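*Asks:* Just the structure for this:
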Amino acid sequence: MNKELVFLRSFGIATAFGVIMLASSAFKKTGNQRFAEIDVERINIIEKDGTVKMVITNVDRFPNGKDTINNRPTNVKRKKRSGMLFFNEDGIECGGLIYDGQKKADGHSAGMSLTYDQYDGDQMMQLLMQDYKEGGQRRVFSSLVFNDRPANETQFGMDKIWEELAPLRKSDPGAFKKKYEEYVAQGVLGGAPRVMLGQTRGRSNGLFLNDDKGRPKAMFYVNEKNEAKLEFFDEKGNVIATFPNQTK
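*Replies:* Here you go, the predicted model:
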């Protein structure tokens, strides 16, 4: 009886040890793994030092302030969407891809946005598509936009400034405007769309150029009547030159 107990105990210990070794070797395997199909809610692509370089995620696990990535807080006000976030070598967010689409009571909404950011700042380039349908009317427009960004902006700095300005926007618009302009003068806030190639909400397709305040200066486009136009504007948005001068 004693010999049998000793044998069973030895066999149990050896079996447990063997299982642990197999599991450990499986997780330590450095070769490529091949899967026919895999279901996952979020993937973090990391460097050897642990720096996150890309996050691929579903809606629920999309970082929006409750997470920290590379020891940096994430955007609290950002809406959760499925997509990807990109991070540079310093662990700072530098762009992303988001998309969504769903039916509504009287139509639908869908969209996609691919952005690339200025270093430690906001987006310099955006590829955008939006599709809305309400009350039987559908609007689809898309564009490639290039933006100017302030020279001294930082992601942390912008978050703090907007925490300060947000209450003023409703309570004291005059104070909000004055403070906003002060930050713009310091080069820590602002920015403007400078170049847009694509389709507008008015269904004109073309190239649209703005000044450093985001005001339209020149447009070369085909309007909803299939008329080609070239127009130039002053600082107040008035047309100062157009080609052709007249349309049939």
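*Asks:* in terms of contact, does Leu101 touch Gly111 like I think?
*Replies:* Slight slip there: residue 101 is Gly, not Leu. Yes - because the distance of 7.2 Å satisfies Cβ atoms under 8 Å, Gly101 is recorded as touching Gly111. The C-beta positions use only the backbone N, C-alpha and C, and glycine is treated the same way.
*Asks:* Return every residue with contacts to both of the two.
*Replies:* Asp131 (Cβ atoms under 8 Å, 6 or more residues apart in numbering).
*Asks:* More neighbours: which of those two?
*Replies:* Gly111 (15 against 10; other Cβ atoms under 10 Å).
*Asks:* Pass me the low-pLDDT residue ranges in this protein, would you?
*Replies:* The model of the chain has pLDDT under 70 over residues 1-30, 246-248.
*Asks:* Dead centre of it: give me the residue that sits there.
*Replies:* For the chain, the residue nearest the mean C-alpha position is Gly96 (4.2 Å; Cα atoms, centre = their mean).
*Asks:* ok, now which ones touch that residue?
*Replies:* Listed by Cβ under 8 Å, 6+ apart, the contact set of Gly96 reads Gly83, Met84, Leu85, Phe86, Leu114, Thr115.
*Asks:* who wins for most neighbours among the residues you listed?
*Replies:* Leu85 (23 neighbours).
*Asks:* pretty sure it is in a strand, no?
*Replies:* Yes - applying DSSP: H, G, I helix; E, B strand; the rest coil, one finds Leu85 inside a strand.
*Asks:* That one contacts Met54, correct?
*Replies:* Yes - Leu85 lies in contact with Met54 (Cβ under 8 Å); the separation is 6.9 Å.
*Asks:* what about Gly121, how many residues close to it?
*Replies:* Using other Cβ under 10 Å: Gly121 sits among 20 other residues.
*Asks:* Quick one: neighbours of the residue nearest to it when sequence neighbours are not counted, just the number.
*Replies:* With Cβ to Cβ, 6 or more residues apart in numbering as the criterion, Gly121 has its nearest non-adjacent residue at 4.6 Å, and that residue is Glu153. Neighbours of Glu153 under the rule other Cβ under 10 Å: 22.
*Asks:* who touches Glu153 in this structure?
*Replies:* Contacts of Glu153 by Cβ under 8 Å, 6+ apart are Gln118, Asp120, Gly121, Asp122, Gly187, Val188, Leu189, Gly191.
*Asks:* how about 7 Å then?
*Replies:* For Glu153, the contact set (Cβ atoms under 7 Å, 6 or more residues apart in numbering) comprises Gly121, Asp122, Val188, Leu189.
*Asks:* From what I see, the second one and Arg149 are in contact.
*Replies:* Yes - under the criterion of Cβ atoms under 7 Å, Asp122 lies in contact with Arg149, with a separation of 5.9 Å.
*Asks:* who touches both of those two?
*Replies:* Taking Cβ under 7 Å, 6+ apart as the criterion, Asp122 and Arg149 both touch Gly191.
*Asks:* between the two, who's got more neighbours?
*Replies:* Legend: neighbour count by other Cβ under 10 Å for Asp122 and Arg149, higher for Arg149 (18 against 15).
*Asks:* Surely that one is in contact with Asp120?
*Replies:* No - contact criterion Cβ under 7 Å: Arg149 and Asp120 do not qualify, at 10.3 Å.
*Asks:* Tell me which stretches of the protein form helices.
*Replies:* Here the chain has its helices, by DSSP state H, at 2-28, 155-171, 173-185.
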